[in-house]
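[1] attaching a predicted model along with its sequence, questions to come.
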Amino acid sequence: MKVLVPVKRVIDYNVKVRVKADGSGVDLANVKMSMNPFDEIAVEEAIRLKEKGVASEIVVVSIGVKQAQETLRTALAMGADRAILIEAASDVHTDIEPLAVAKLLAAVVGAEAPGLVLAGKQAIDNDMNATGQMLSALLGWSQATFASELSVAGDSATVTREVDGGLQTITVKLPAVVTVDLRLNEPRYASLPNIMKAKKKPLEEKTAADYGVDVTPRLTVVKTSEPAGRKAGVKVASVDELIAKLKDEAGVL
Amino acid sequence: MAVLLLADVNGGQLATDSVAKTLTAVAGLGEIHVLVAGQGGDAAAAEAAGLAGVSKVLFADGHDYCHGMAEATAALVVGLASSYTHICAPATAAAKNVLPRVAALLDVMVLSDVTAVIDSETFERPIYAGNAIQTVKSGDKVKVFTVRTAAFAAAGTGGAAALEKVTGATAEGLSSWVEDKVAASDRPELTSAKIVVSGGRGVGSEADFALIEALADKLGAAVGASRAAVDSGFAPNDWQVGQTGKVVAPALYVAIGISGAIQHLAGMKDSKVIVAINKDEEAPIFQIADYGLVADLFQAVPEMTQKV
Ligand SMILES: Cc1cc2nc3c(=O)[nH]c(=O)nc-3n(C[C@H](O)[C@H](O)[C@H](O)COP(=O)(O)OP(=O)(O)OC[C@H]3O[C@@H](n4cnc5c(N)ncnc54)[C@H](O)[C@@H]3O)c2cc1C
Ligand SMILES: Nc1ncnc2c1ncn2[C@@H]1O[C@H](COP(=O)(O)O)[C@@H](O)[C@H]1O
């Protein structure tokens, strides 16, 4: 079974985000970019499926600017077999919306016929949490979101999902889209020899136009602003003082 | 204009607080119909009909819609969609599973975690773990979105909406429910509690999390946790607060042994009063805490539990 993993290039999760003064967005020029942390987990899970003999080939796809090549090379260095870059923007500040990403991925699925798509639960830049569900809808497939455990047997997969009240287990018929949560696994680091080997693995370059998908956004960003800040508070010296402040000053006890 | 609001129903119980807060968020958008889906949801439907601001409750009494199964529930919503300009739901795990699927089937974008409805086509939502707020305008024929309930007060009761049974498509054989592992608790629910007491990696073990729980119980509070505490097995996953956990905005949030990573702050920085107890006076949590106590939690927390 072939496994397809969409990986997004996003701002590194350790970087402090800066909103541009003119309200036009977040400053991404000369900022450290990395693979979306959830997508690393998806790549890791695909590799584990291959190591178990469940997956035969792992294809990674990234949609966005040319520089997303780096993200794909990281995935190849971790252990993916082949990569597809779909160039859909020239400015690093352009974010392709989940609906357009899902349409492009649906086209790739049409060409590659994977048995499983493993996506991240959410991209840590737009925090949409939508692409996997949208892709599954467009394909008419089953979906299992927020996976913290996954096992594949025959033509179905059993997935434990992180839900608000705790955990839910479902089985989905394959092919399916599964989106992964943080506790599914701990992704490996790519070793130096594997980073070298990854440079020789195939990376196909396509454009959104090759798939006939219109990536024009449906949402217009009116403005981007800083969240309301909090006033710096005070340090208290003891538990007694803390309780007194909470009672008398804040009135919350 | 009319709004369809998909309610969360768990084990036949309406997630009333989340529905009531979503009602407030969309109150200006037109007549609101609440959809209750799932066999045995009669009581939930009746309860929804009593919420202020609801003009009709649609009840889909089908087995396929139980447990929030995405494929069938999305098919049901899509079947009803043509009567609405807006389709929304509280931003719960259940709705985030379903609404993007609905949006794609309708060929529209989805907006996740809306924190303000400016007008019928303009919305605010946080991005980058709440480090930026985006105002977006949607040109789509129907607006599909989830609402971050922590940003809104709950609508009251006293309504008497009509109840209508509806049916819809299902999704034969795509996926099936196996089990829910939901911990029963007498504590208030994390997302609606007035006080939340959260523990982090500093608590050190599952056994010592009892210190956090004891303080919470003394205060009548819900218990939260950082991701590090959950990953280390000190606390169950449904206690996680943050960018990828729950978003809370209680009157009082007490962060104990939590450093204050941006991903954690994303889930609690809109709390009214924030208290931090941490032995490291440089911990970033102190930058957003109204009251900071630099102390060893193993001394401070039992003392506080005893004295409040
Ligand atoms: C994509 C992504 C999503 C994430 N989502 C979330 C999320 O939703 N929620 C979340 O919380 N995190 C999330 N994280 C993780 C986040 O980055 C931090 O790693 C995490 O919040 C740290 O948890 P912590 O503060 O408990 O642990 P630490 O950072 O290890 O802090 C422990 C604190 O305890 C203090 N301490 C230790 N011993 C004592 C003592 N005896 N008395 C008092 N204080 C003590 C220490 O001084 C320290 O400040 C996410 C990360 C990523 C990459
Ligand atoms: N531009 C993209 N390129 C590749 N994968 C993407 C892209 N955008 C989203 N995804 C995938 O969809 C997941 C969820 O993203 P989102 O719906 O934007 O929160 C990510 O974790 C990726 O797996």
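    On my side now, so go ahead. Ligands and ions are numbered 1, 2, ... in the order given.
[2] right, is the particular helix or strand that has residue A:221 in it up against ligand 2?
    In this assignment (DSSP states H and E), residue A:221 forms part of strand A:219-225. No - contact of strand A:219-225 with ligand 2 (Cβ under 6 Å from any ligand atom) is absent, the minimum separation being 12.4 Å. Using the backbone N, CA and C atoms, a C-beta is placed for each residue, glycine as well.
[3] for the spatially most central residue of chain B, give its distance to residue B:291.
    The structure's chain B has its C-alpha centroid closest to residue B:92; by Cα atoms, centre = their mean the separation is 4.4 Å. Counting by Cβ to Cβ, to the nearest Å, the gap from residue B:92 to residue B:291 is 31 Å.
[4] return the residues in contact with the spatially most central residue of chain A.
    Centroid-nearest residue in chain A, with Cα atoms, centre = their mean: residue A:120, separated by 3.7 Å. By Cβ atoms under 8 Å, 6 or more residues apart in numbering or on different chains, the contact list for residue A:120 reads A:6, A:7, A:8, A:36, A:37, A:38, A:39, A:41, A:42, A:132, A:179, A:180.
[5] switch the cut-off to 7 Å
    Contact analysis of residue A:120 by Cβ atoms under 7 Å, 6 or more residues apart in numbering or on different chains lists A:36, A:38, A:39, A:42, A:179, A:180.
[6] just give me the neighbour total for the fourth one.
    Other residues within reach of residue A:42 by the criterion other Cβ atoms under 10 Å in any protein chain shown amount to 31.
[7] contacting residues for it?
    Counted by Cβ under 7 Å, 6+ apart, residue A:42 has contacts A:5, A:118, A:119, A:120, A:180.
[8] between those residues, which is closest to ligand 1?
    residue A:120 (9.0 Å; Cβ to the nearest ligand atom).
[9] tell me the pLDDT of the closest residue to the closest one other than its chain neighbours.
    Computed as Cβ to Cβ, 6 or more residues apart in numbering or on different chains, the closest residue to residue A:120 that is not its neighbour in sequence is residue A:38, at 2.9 Å. pLDDT, residue A:38: 98.
[10] A helix includes residue A:38, no?
    Yes - under DSSP: H, G, I helix; E, B strand; the rest coil, residue A:38 falls within a helix.
[11] ok, it to residue A:217 distance?
    Applying Cβ to Cβ to residue A:38 and residue A:217 gives a distance of 22 Å.
[12] about what we covered before: keep the contacts of residue A:42, but drop any that are not near ligand 2.
    Filtering the contacts of residue A:42 for proximity to ligand 2 (criterion: Cβ under 6 Å from any ligand atom) leaves A:119, A:120.
[13] looking at the contacts of residue A:42, which are in strands?
    Among these, DSSP state E puts A:5, A:118, A:119, A:120, A:180 in strands.
[14] give the contact list for the third one.
    With contact set as Cβ under 7 Å, 6+ apart, residue A:119 has these partners: A:6, A:42, A:131, A:132, A:177, A:179.
[15] what about residue A:23, how many residues nearby?
    The number of residues near residue A:23, taken as other Cβ under 10 Å, comes to 14.
[16] quick check: phi and psi on the closest residue to residue B:305 other than its chain neighbours?
    Leaving aside its chain neighbours, residue B:305 sits nearest to residue B:215 (4.5 Å; criterion: Cβ to Cβ, 6+ apart). The phi and psi values for residue B:215, taken as degrees, to the nearest 10, are phi -60, psi -40.
[17] how much space between residue B:215 and residue A:148?
    28 Å.
[18] quick one, which of the two is more surrounded?
    residue B:215 (26 against 16).
[19] show me what residue of the stretch 51-200 of chain A gets nearest to ligand 2.
    residue A:120 (2.1 Å).
[20] which residues in chain A form strands?
    Under DSSP E, chain A gives strands at A:2-6, A:9-11, A:33-35, A:57-64, A:82-87, A:116-120, A:142-153, A:156-163, A:166-173, A:176-180, A:203-207, A:219-225, A:234-236.
[21] looking at those, which is nearest to residue B:76?
    Proximity to residue B:76 (Cβ to Cβ) singles out strand A:142-153 among the strands of chain A, at 15.4 Å.
[22] sheet partners, orientation included, of the closest one?
    According to DSSP bridges, strand A:142-153 forms sheet pairs with strand A:156-163 (antiparallel), strand A:176-180 (parallel).
[23] can I get the first one as CSV, trimmed to CA atoms?
    Taking C-alpha atoms only, strand A:156-163 is exported to CSV below (Å, rounded to 0.1, in the frame of the first residue of the first chain):
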residue,chain,number,x,y,z
SER,A,156,-9.4,-1.2,7.3
ALA,A,157,-7.6,0.8,10.0
THR,A,158,-8.4,1.2,13.6
VAL,A,159,-7.7,4.6,15.0
THR,A,160,-7.9,6.0,18.5
ARG,A,161,-8.8,9.7,18.4
GLU,A,162,-8.2,12.5,20.9
VAL,A,163,-11.6,14.0,21.6
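[24] got the contact list for that strand?
    A:144-151, A:167-174, A:176, A:178, A:181, B:93-94, B:178, B:237.
[25] and chain B, what are its domains?
    B:2-165, B:195-307 (automatic domain parsing).
[26] just send the ones you listed back as CSV, with mean pLDDT and distance to residue A:125 too.
    CSV is the format used below for the domains of chain B (pLDDT from 0 to 100; distance: least, Cβ to Cβ, whole Å):
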stretch, mean pLDDT, distance to residue A:125
domain B:2-165, 96, 6
domain B:195-307, 97, 11
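[27] who are the contact partners of residue 69?
    Going with chain A. Applying Cβ under 7 Å, 6+ apart to residue A:69 gives the contacts A:85, A:203.
[28] to clarify, I was referring to chain B.
    B:175, B:177.
[29] equivalent analysis for residue B:154, please.
    B:17, B:20, B:21, B:24.
[30] just name the closest of the residues you listed to residue A:202, please.
    Looking across the contacts of residue B:154 and measuring by Cβ to Cβ, the closest to residue A:202 is residue B:21, at 49.9 Å.
[31] tell me which element the closest one is part of?
    Per DSSP H and E, residue B:21 falls inside helix B:16-26.
[32] could you point out the helix or strand that follows that helix?
    strand B:31-37.
[33] strand partners (parallel or antiparallel) of that following strand?
    Note on strand B:31-37: by DSSP bridges, its sheet partners are strand B:2-6 (parallel), strand B:56-60 (parallel).
[34] select, out of the ones you listed, the one closest to residue B:295.
    strand B:2-6 (45.0 Å).
[35] strand partners (parallel or antiparallel) of the very next helix or strand once past the closest one?
    Once the chain leaves strand B:2-6, the next helix or strand it forms, by DSSP H and E, is strand B:9-10. Each strand paired with strand B:9-10, and its direction, by DSSP bridges: strand B:13-14 (antiparallel).
[36] chain neighbours aside, what residue packs nearest to residue B:140?
    residue B:108 (3.8 Å).
[37] separation between the one you found and residue A:213?
    16 Å.
[38] and what of residue A:57?
    Distance from residue A:57 to residue A:213, by Cβ to Cβ: 24 Å.
[39] of those two, which one has the most company?
    residue A:213 (21 against 15).
[40] leaving out the residues flanking it, which one is nearest to the more buried one?
    residue A:103 (4.6 Å).
[41] great, nothing more from me.
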